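One predicted model, sequence on top.
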Amino acid sequence: MAAPSSKRATFDDLLALGHDVRAEVIHGTIVEKASPSGEHGSTQASVVAAFIRRFQRRPGGRWPGGWWFATEAEVEYETHEIYVHDVAGWRRERMPARPTGRPIRVRPDWTCEILSPSNAKRDLVDKFQVLQRCVIPHYWVIDPIEQTLIVHCWQPAGYLVVLTAAAGDVVRAEPFDAVELRVATLFGLEEDEE
């Protein structure tokens, strides 16, 4: 479903679709988000499980803490760029209270997209360009079919790939590099270790 070409879509156009329609505004066009596949949904759940316990808490103690996370929340970057990230995170030092509202208008410090055949171009090109322009510090792209992780870190010249990893790797991935990450846990292939 696309918005009329003479008018660029905004959040008001998303609201008019109703709450049961999963859609984003990309370059001023309304783009419906496909229902997630089993691989996509399982990966999204595994990513959230891996980070919530360690990072969505106050700093200090056994785990690093210091973050807020949201899944499938609408984030407005520009009037005609409103994305529903698979997972997004905000540092508590910059945002002391949990992000609220619809859309969220405070830019995240980390975003994560999980690829599927229907969204690969949007995640790898369209969103990538806008997130880079809007200076989002960290952008992760996870491919549940190939079982890979690519970590992008913002630099003044643009995003730099700082890590590529596969399911068998154990890594320290920015911005969560305070703890080791078994990449296989992102795909539900291994249990998360304490």
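Received it, and whenever you're ready, just let me know what you need.

what's near enough to touch the nearest residue to residue 124 once chain neighbours are set aside?
Closest residue in space to residue 124, ignoring its immediate chain neighbours: residue 141 at 6.7 Å, by Cβ to Cβ, 6 or more residues apart in numbering. The way it works is simple: take the backbone N, C-alpha and C, and place the C-beta from them, glycine included. By Cβ atoms under 8 Å, 6 or more residues apart in numbering, the contact list for residue 141 reads 112-113, 115, 123-124, 149-150, 152.

Please identify, among the residues you listed, the one with the most neighbours.
Within those, most neighbours by other Cβ atoms under 10 Å means residue 112, with 26 neighbours.

Would you mind naming the residues that pair with it in a beta bridge?
Residue 112 has these beta-bridge partners by DSSP bridges: residue 87, residue 140.

could you check the distance from it over to residue 69?
Per Cβ to Cβ, to the nearest Å, residue 112 is found 9 Å from residue 69.

Residue 16 too?
For residue 16, the distance to residue 69 (Cβ to Cβ) stands at 29 Å.

follow-up on the earlier one: can you pull the residues that touch both of residue 112 and residue 69?
87-89.

any chance you could map the helices in this structure?
11-17, 38-55, 120-121, 127-133 (DSSP state H).

Which one of those lies nearest to residue 182?
Taking Cβ to Cβ, helix 38-55 is the member of the helices of the chain nearest to residue 182, at 8.7 Å.

Okay, buried residues for the closest one please.
For helix 38-55, burial by neighbour count (16 or more other Cβ atoms under 10 Å) applies to 39-40, 42-44, 46-48, 50-51, 54-55.
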